[in-house]
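1. Generate coordinates for the sequence data below:
(4 chains)
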There are 2 protein chains.
Amino acid sequence: MKEENIRENVKEVFATYLKKHQYRKTPERFAILDYIYSKEGHFHFDAEMLFAAMQDNYRVSLATIYNTLDLLEDINLIVKHKFSGQAAHYEKTFGSIAHSHLVCTQCGKVKEFTDKKIRTAIQAKSFSSFDVTHYSVYLYGVCKACRKKIEEQEK
Amino acid sequence: MKEENIRENVKEVFATYLKKHQYRKTPERFAILDYIYSKEGHFHFDAEMLFAAMQDNYRVSLATIYNTLDLLEDINLIVKHKFSGQAAHYEKTFGSIAHSHLVCTQCGKVKEFTDKKIRTAIQAKSFSSFDVTHYSVYLYGVCKACRKKIEEQEK
DNA sequence: TTTGTTGCAAAACGTTTGCAGCCTC
DNA sequence: GAGGCTGCAAACGTTTTGCAACAAA
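-> The predicted structure follows:
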């Protein structure tokens, strides 16, 4: 699916969800969704970043951002990650391939990678008493830059 | 390795680490480590629980607990999990088989499971510019109990 | 003796909540 | 017009920090 279509499609998904639950279609909610899906690639963000970045386009309060992120998480239009840092990170899911994360325990940087074997192994798994909607894989370790720093320190 | 040996072994690992970095071997630090490794199976805990539970044996402040948990995380004697809830959860790693987590997005309950295919697929992966030390797999979804509740609500 | 570590309390941080006014339905 | 939603600020729970007293090396 093309980027453009996705951007429209997720709006529909959100609208349908809101209608079903008799929640209201407010401009704030759609502004937030659209901002997130206007970004290409694996756009990682937290609530504060979104708040700051959106000031230019459409002004919304932090409380509303949190509220809306919760709704979007409910319908799996975004995923919430809790890496080791303080703030929760979010990323859009629709139209993106399931991927895993490399998290550097030294500097906290996060990189994505995809691996077919991992994806297949996880998707093959099923449970009688649990309906899986999505998943996250985190590999922790030390990135090249931090490895170098450590080696230099040890000299 | 027997449980008893593990309990002794991790103390050595910790002691070696402390010595290497010229940190001090305080009774508080070893009391915390030993308490964690005195529990059998996949012992999940957060800082507050540990603080409360340890009062009987050896009194330590919350600040020291956080300090020590950080050190133990550094040497991978424990893993830190950040589920969607509030407080970070920890669990011991030494002597336990790598496992994945099922997280219910409704009630927040966490169950463990092991899957050889997933384990193999992840362990087979290697990176030229990243040294993996450990990993976490989370499958999100809805557990049986919550599924029932939702179905009843929809009637 | 030196200096890292502790306990305590206060501060910091991300997130949630209460409330008055607003705007969708 | 009714009631959900917003922005604001205050409150919350977890984690970190500053500091004086303490204790490991």
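2. by contact count, what packs against the longest helix along chain A?
-> Ranked by number of residues, the top helix in chain A under DSSP state H is helix A:3-20. In terms of contacts (3 or more C-beta pairs under 8 Å, 6 or more residues apart in numbering or on different chains; DSSP states H and E), helix A:3-20 is packed against helix A:27-37, helix A:62-74. C-betas here are computed from N, CA, C, even on glycine.
3. what angle sits between that helix and helix A:62-74?
-> Helix A:3-20 and helix A:62-74 meet at an angle of 100 degrees, taking axes from the mean of the first three to the mean of the last three C-alpha atoms, to 10 degrees as the criterion.
4. which residues touch helix A:3-20?
-> With contact meaning C-beta atoms under 8 Å, 6 or more residues apart in numbering or on different chains, helix A:3-20 is reached by A:1, A:23-25, A:29-30, A:33-34, A:37-38, A:40, A:71-72, A:74-75, A:77, A:94-95.
5. Around chain B, which positions in chain A sit nearby?
-> Counting by C-beta under 8 Å from any C-beta of the partner chain, chain A comes close to chain B at A:80, A:82-84, A:88, A:102, A:104-105, A:111, A:113, A:115, A:117-118, A:120-122, A:124-125, A:127, A:129-144, A:147.
6. Among the residues you listed, which ones are in helices?
-> Going by DSSP H, the helices hold A:Lys117, A:Ile118, A:Thr120, A:Ala121, A:Ile122, A:Ala124, A:Lys144, A:Arg147 from those.
7. Neighbour count and distance to DNA strand D for those residues - can I get that in JSON lines?
-> Output for these, formatted as JSON lines (neighbours: other C-beta atoms under 10 Å in any protein chain shown; distance: C-beta to the nearest atom of the strand, whole Å):
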{"residue": "A:Lys117", "neighbour count": "14", "distance to DNA strand D": "33"}
{"residue": "A:Ile118", "neighbour count": "25", "distance to DNA strand D": "28"}
{"residue": "A:Thr120", "neighbour count": "13", "distance to DNA strand D": "34"}
{"residue": "A:Ala121", "neighbour count": "19", "distance to DNA strand D": "30"}
{"residue": "A:Ile122", "neighbour count": "22", "distance to DNA strand D": "27"}
{"residue": "A:Ala124", "neighbour count": "10", "distance to DNA strand D": "33"}
{"residue": "A:Lys144", "neighbour count": "13", "distance to DNA strand D": "25"}
{"residue": "A:Arg147", "neighbour count": "16", "distance to DNA strand D": "23"}
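8. which of those sit farthest apart?
-> A:Ala124 and A:Arg147 (33.8 Å; C-beta to C-beta).
9. who's in contact with the residue positioned nearest the centre of chain A?
-> Geometric centre of chain A, nearest residue: A:Glu91, 1.5 Å, by C-alpha atoms, centre = their mean. Neighbouring residues of A:Glu91 by C-beta under 8 Å, 6+ apart: A:His42, A:Phe43, A:His44, A:Phe45, A:Ile78, A:Val79, A:His81.
10. Render the CA-only coordinates of the helix or strand hosting it in PDB, please.
-> Using DSSP states H and E, A:Glu91 sits in strand A:89-92. The C-alpha coordinates for strand A:89-92 follow below in PDB (Å, rounded to 0.1, in the frame of the first residue of the first chain):
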ATOM      1  CA  HIS A  89       8.400   5.500  23.300                       C
ATOM      2  CA  TYR A  90       5.700   5.000  20.600                       C
ATOM      3  CA  GLU A  91       5.900   4.100  17.000                       C
ATOM      4  CA  LYS A  92       3.300   3.600  14.200                       C
END
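11. Mind checking if it is in reach of DNA strand C?
-> No - Strand A:89-92 is not in contact with DNA strand C by C-beta under 7 Å from any atom of the strand; minimum separation 8.3 Å.
12. Pairing partners for that strand, with directions?
-> Using DSSP bridges, strand A:89-92 pairs in its sheet with strand A:44-45 (antiparallel), strand A:78-81 (antiparallel).
13. In that strand, which residues are buried?
-> A:His89, A:Tyr90, A:Glu91, A:Lys92 (16 or more other C-beta atoms under 10 Å in any protein chain shown).
14. Also stretch A:107-115?
-> For stretch A:107-115, by 16+ other C-beta under 10 Å, it's A:Val110, A:Lys111, A:Asp115.
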